[in-house]
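Participant: Predicted coordinates and the sequence they were generated for:
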Amino acid sequence: MAVEWMEADLPRINKILKKLTAEPSCIKVERMGGMTNHSYHVFMDNGEDLVVRLPGDGTENLICRSDEKVSTELAVSLDIDSDLLYFGEDGTKVSRYIEGAVTMSPESMRETENILRAAGILKALHTCGTDTKVPFEVFDMAANYEEIVLGNKVSLYVDYPDIKSKIIEIKDSIDSLTGVKKVPSHNDPLCENWVMGKYGLYLIDWEYAGMNDGMWDLADVSIEASYNEAQDGTLLNAYFGRQETLDEKRRFLANKIYLDYLWTLWGLTRVFFDGKVMQSYADKRYARLKTSLLKWKDTEELKIWAQV
């Protein structure tokens with residue numbers, strides 16, 4: 001399938017490159033990873049290494065590309081992502097290849113130095129003071145995904161209504177907390193979106209970026225790298241520069257729940273296009289979501305004890 005994609009995409013890649021130079025000449029094109037888009041490492045004859053991203057089928061229903069462009073430009077200005085060379089209205093993108101790039105894995109993201117690096121990058125993003133005006137409304141997005149799933153005639157889980165009701169209760173509890181601000185957030189910092197380069201760690205792929213509780217990004221890093229309790233502590237302590245409070249712990253867990261809720265539904269939207277692989281993705285998310293809901297009960301007991 002990857003070979004077929006590349007052969008079909010080569011004319012599109014050349015057309016995009018002509019927007020950068022009148023007579024583009026590339027030596028080699030290599031397919032890169034990605035769950036929904038087609039991305040390629042392009043070796044130019046002038047010595048430049050580029051990444052060309054072509055949007056995948058159906059992504060126009062899920063992603064606002066003008067919003068993605070705003071967030072990508074912010075990331076580049078903060079030296080969090082590599083240089084952006086072209087961004088088309090349809091989501092085609094050309095960026096400079098990160099020198100010495102190594103895509104991170106759950107194992108490498110669990111290394112203490114990389115936990116600290118990730119915390120520093122997310123802190124820089126969250127405290128930059130910019131309002132991108134790009135919304136990331138988790139529950140609005142979930143409702144949209146749910147409509148797409150049903151429209152595609154893909155089945156939701158039998159106990160989904162009960163699980164959804166419990167999540168809304170948690171949302172009401174977290175929304176009652178004071179001092180929670182929406183900040184520029186990546187919203188999808190899975191391990192594959194972290195890249196170690198010659199000059200440090202980078203965070204790429206800003207399709208889902210927008211204004212959100214920054215705790216979402218921390219929770220996402222933890223989930224995707226399968227952090228244990230000690231690694232969660234390292235991440236939170238590095239981010240806050242102190243021991244996290246009970247309310248912060250509850251926000252952290254709540255965002256883990258929101259994450260698996262949203263991305264379960266997202267996975268189900270992709271079943272129509274990608275079949276069993278995305279059904280399996282959604283099933284794993286949903287199982288972990290239910291485990292996190294059990295842990296939430298423990299935090300409720302801790303809160304009661306703290307108030308005694």
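Facilitator: Received it, and whenever you're ready, just let me know what you need.
Participant: what ranges do the helices span in this protein?
Facilitator: 2-17, 65-77, 106-109, 112-126, 138-151, 160-175, 215-224, 229-240, 246-274, 276-307 (DSSP state H).
Participant: okay, these, which one's buried deepest?
Facilitator: Per-stretch averages of neighbours, counted by mean count of other Cβ atoms under 10 Å, single out helix 215-224 among the helices of the chain, with a mean of 25. (Each C-beta comes from the backbone N, C-alpha and C, glycine too.)
Participant: contacts for it?
Facilitator: Outside of helix 215-224, the residues within contact range by Cβ atoms under 8 Å, 6 or more residues apart in numbering are 106, 109, 118-119, 122, 125-126, 138, 185-191, 227, 231-232, 235-236, 239, 248, 251-256, 258-260, 288.
Participant: hmm, back to that, between the helices of the chain, which gets nearest to residue 51?
Facilitator: The stretch from those with the least distance to residue 51 (Cβ to Cβ) is helix 2-17; that distance is 10.9 Å.
Participant: Next one: the residue nearest to the spatial centre of the chain, what pLDDT does it get?
Facilitator: Using Cα atoms, centre = their mean, the residue of the chain that lies closest to the mean C-alpha position is residue 188, 0.9 Å off. In the prediction, the pLDDT value recorded for residue 188 is 95.
Participant: Is it in contact with residue 208, as I believe?
Facilitator: Yes: taking contacts as Cβ atoms under 8 Å, residue 188 lies within contact range of residue 208: 4.4 Å.
Participant: do you know which of the helices of the chain lies nearest residue 54?
Facilitator: Using Cβ to Cβ as the measure, helix 2-17 is the one of the helices of the chain that comes nearest residue 54, at 5.7 Å.
Participant: Could I get the phi/psi values of the closest residue to residue 39 other than its chain neighbours?
Facilitator: What sits nearest to residue 39 in space, not counting adjacent residues and going by Cβ to Cβ, 6 or more residues apart in numbering, is residue 32, at 4.3 Å. For residue 32, the backbone dihedrals are phi -110, psi 180 (criterion: degrees, to the nearest 10).
Participant: Now for residue 32: which residues touch it?
Facilitator: 39-41, 51.
Participant: mind putting those in JSON lines, distance to residue 292 included?
Facilitator: Conversion of the contacts of residue 32 to JSON lines gives the following (distance: Cβ to Cβ, whole Å):
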{"residue": "39", "distance to residue 292": "31"}
{"residue": "40", "distance to residue 292": "36"}
{"residue": "41", "distance to residue 292": "36"}
{"residue": "51", "distance to residue 292": "34"}
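Participant: What is the most widely separated pair among the residues you listed?
Facilitator: Pairwise distances across the contacts of residue 32 peak at 7.9 Å for 39 and 41 (criterion: Cβ to Cβ).
Participant: Please enumerate the shared neighbours of the two.
Facilitator: With Cβ under 8 Å, 6+ apart applied, the overlap between the contact sets of residue 39 and residue 41 consists of 32, 51.
Participant: So between the two, which is more surrounded?
Facilitator: When residue 39 is set against residue 41 and neighbours are counted by other Cβ atoms under 10 Å, the residue ahead is residue 39, at 19 against 15.
Participant: In strands, which of the contacts of residue 32 appear?
Facilitator: For the contacts of residue 32, the ones inside strands are 39-41, 51, with DSSP state E as the criterion.
Participant: Which of these sits closest to residue 153?
Facilitator: The shortest distance between residue 153 and any of the ones in strands among the contacts of residue 32, using Cβ to Cβ, involves residue 39 and amounts to 29.8 Å.
Participant: what residues are up against residue 289?
Facilitator: Taking Cβ under 8 Å, 6+ apart as the definition of contact, the neighbours of residue 289 are 163, 257, 260-261, 264.
Participant: with these in mind, which one is nearest to residue 76?
Facilitator: Nearest to residue 76 among those is residue 260, at 29.9 Å by Cβ to Cβ.
Participant: Can you give me the separation between the closest residue to that closest one other than its chain neighbours and residue 265?
Facilitator: Take residue 260 and drop its neighbours on the chain: the residue closest to it by Cβ to Cβ, 6+ apart is residue 289, 3.7 Å away. Taking Cβ to Cβ, to the nearest Å as the measure, residue 289 falls 11 Å from residue 265.
Participant: Might you list the low-confidence residue ranges for the chain?
Facilitator: Across the chain, residues meeting the criterion (pLDDT under 70) sit at 1-6, 34-35, 58, 300-308.
Participant: go with 50
Facilitator: 1, 305-308 (pLDDT under 50).
Participant: Domains in it, by residue range?
Facilitator: Residue ranges of the domains in the chain are recorded as 2-96, 102-307, according to automatic domain parsing.
Participant: now residue 183, which residues is it bridged with?
Facilitator: Residue 183 has these beta-bridge partners by DSSP bridges: residue 212.
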